[in-house]
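Chemist: after the sequence you'll find the predicted model.
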There are 2 protein chains.
Amino acid sequence: MLSRERIVDAAFSVLRDYGLADLSMRRLAKELGVQAGALYWHVPSKQDLLYGLAEVLLADLPIAEQVPPADAARQLALDLRHRLLGVQDSAEVVSLAQALAPYRLAPFAELRRILDQDAVEGRGSRVLIHFMLGALAEEQTRSSLISSGAVPAADSPTAVAEHAAEDFAFGVDAILSGLAAIPAPRA
Amino acid sequence: MLSRERIVDAAFSVLRDYGLADLSMRRLAKELGVQAGALYWHVPSKQDLLYGLAEVLLADLPIAEQVPPADAARQLALDLRHRLLGVQDSAEVVSLAQALAPYRLAPFAELRRILDQDAVEGRGSRVLIHFMLGALAEEQTRSSLISSGAVPAADSPTAVAEHAAEDFAFGVDAILSGLAAIPAPRA
DNA sequence: ACCTGAACACCGTTCAAGT
DNA sequence: ACCTGAACACCGTTCAAGT
């Protein structure tokens, strides 16, 4: 029997093993041994399916409590990077979900809570979120361009990964430092 | 006679008037009164065409010189926002181009030059670029979701636009302030 | 209730053949 | 040199009909 959960799981596998370009409803149906139309009994649209996939990608990301907000945010950023780098094009999928329904994804709702104290509507956390997703999407795109041979690697794979990790941490720190310097206005 | 320029111009019009979802090679061909295959004599791929479209979208963005780097960056950010908001989904198109060939688009190359003094490889400017493109893509996505009625508007259109402008400037200022606080490491 | 079969209205890209 | 015609290998989504 088909179910939303089985469909989302199949989507996760195809994304991990083949990337977003290969993640079609028809491909998913083939993987599950059904006709393409059958998916629409369990899932309203591909967009909704991708949102569910983003939820799975971000499931159980731990949030540190009882620490300075900036430290918790920094840790979440590093955890997010670590999680997403394991699955091809995952930053793109999370970006789509966040664009569709801002702050509905749990880790981003948490980030808003700790960084913006429920003020205004997440001005500070949005800066960090856009940087994180943009940087990770670029990193994933470049690494698949390199491994497909479409573009030459400047350094060894490990050197590239280390460099990306440093750049990511640098950006996160710069943003958290800037947010501390320019406090959020009164709600 | 067809030409790369005429094709890119047609792409610009379709993007402005109908959005990225309607921007297909077949649609472009219809608009130009030719068969779809004819486009491939003048343009190697859709990806390359979108890159050309991004160049047109960013053409002649003025760069302020002879001022503090942060002021020049801030002005460029506001100019970029103003330019992109005039064309549906343009931030998405520019993002694709920047992912494909980082810093090949003139305004981003300039931004790197003034913010990172040609050090390392644009750590600081990347933070700003990812924020700008992410924030603008979200703003454009939300405004088309609202105008298509898929999602209800929280405020009046002008209030939404003003709010978005303030949030954008806030993010730019926070980032520039953070970059000043955490100077780029030695190259 | 759940799925098949088949259709509708599309895609990007290639390439022999025409002019 | 430049374009047509036609194909190849796909898309997301809908829906009558079957079980």
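Modeler: Now that the structure is in, tell me what you want to look at. Residues are numbered from 1 along each chain as shown, chains lettered A, B, ... in the order given.

Chemist: contacts and neighbour counts: CA atoms only from here.
Modeler: Will do.

Chemist: count of neighbours near residue A:44?
Modeler: Applying other C-alpha atoms under 10 Å in any protein chain shown, we find 11 residues neighbouring residue A:44.

Chemist: kindly list the main-chain dihedrals of it?
Modeler: Per-residue torsions, residue A:44: phi -70, psi -30 (degrees, to the nearest 10).

Chemist: and it, what's its pLDDT?
Modeler: pLDDT, residue A:44: 98.

Chemist: do the same with residue A:187
Modeler: Reported pLDDT for residue A:187: 45.

Chemist: interface residues of chain A facing DNA strand D?
Modeler: By the rule C-alpha under 7 Å from any atom of the strand, the part of chain A lying against DNA strand D is A:22-27, A:36-38, A:40, A:44-47.

Chemist: show me what contacts residue A:50?
Modeler: A:93, A:96-97 (C-alpha atoms under 8 Å, 6 or more residues apart in numbering or on different chains).

Chemist: ranges for the helices of chain A?
Modeler: Taking DSSP state H, the helices of chain A run over residues A:4-18, A:25-32, A:46-57, A:69-84, A:90-100, A:106-116, A:123-147, A:157-181.

Chemist: mind saving the C-alpha coords of the second one as CSV?
Modeler: Right, helix A:25-32. Listed in CSV are the C-alpha atoms of helix A:25-32, where the atom choice follows Å, rounded to 0.1, in the frame of the first residue of the first chain:
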residue,chain,number,x,y,z
MET,A,25,6.7,12.3,-9.9
ARG,A,26,7.0,9.7,-12.7
ARG,A,27,10.4,8.6,-11.5
LEU,A,28,9.0,8.2,-8.0
ALA,A,29,6.1,6.2,-9.3
LYS,A,30,8.4,3.8,-11.1
GLU,A,31,10.5,3.4,-8.0
LEU,A,32,7.4,2.5,-6.0
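
Chemist: against which helices or strands is it packed?
Modeler: helix A:4-18 (3 or more C-alpha pairs under 8 Å, 6 or more residues apart in numbering or on different chains; DSSP states H and E).

Chemist: and the angle from the helix it packs on to helix A:46-57?
Modeler: Helix A:4-18 runs at 80 degrees relative to helix A:46-57, counting by axes from the mean of the first three to the mean of the last three C-alpha atoms, to 10 degrees.

Chemist: tell me the domain ranges of chain A?
Modeler: Domain assignment for chain A by automatic domain parsing gives A:4-44, A:61-181.

Chemist: out of those, indicate the one that is most buried.
Modeler: domain A:61-181 (a mean of 18; mean count of other C-alpha atoms under 10 Å in any protein chain shown).

Chemist: how about that one and chain B, any contact?
Modeler: Yes. Contact of domain A:61-181 with chain B (C-alpha under 8 Å from any C-alpha of the partner chain) involves A:99-100, A:123-124, A:126-128, A:130-131, A:134-135, A:138, A:141-142, A:167, A:170-171, A:173-179, A:181.

Chemist: so which bits of chain A are right by DNA strand C?
Modeler: A:1-3, A:33-38, A:41-42.

Chemist: what's the closest of those to residue A:17?
Modeler: residue A:33 (18.2 Å; C-alpha to C-alpha).

Chemist: how about the closest one, what does it touch?
Modeler: Contacts of residue A:33 by C-alpha under 8 Å, 6+ apart: none found.
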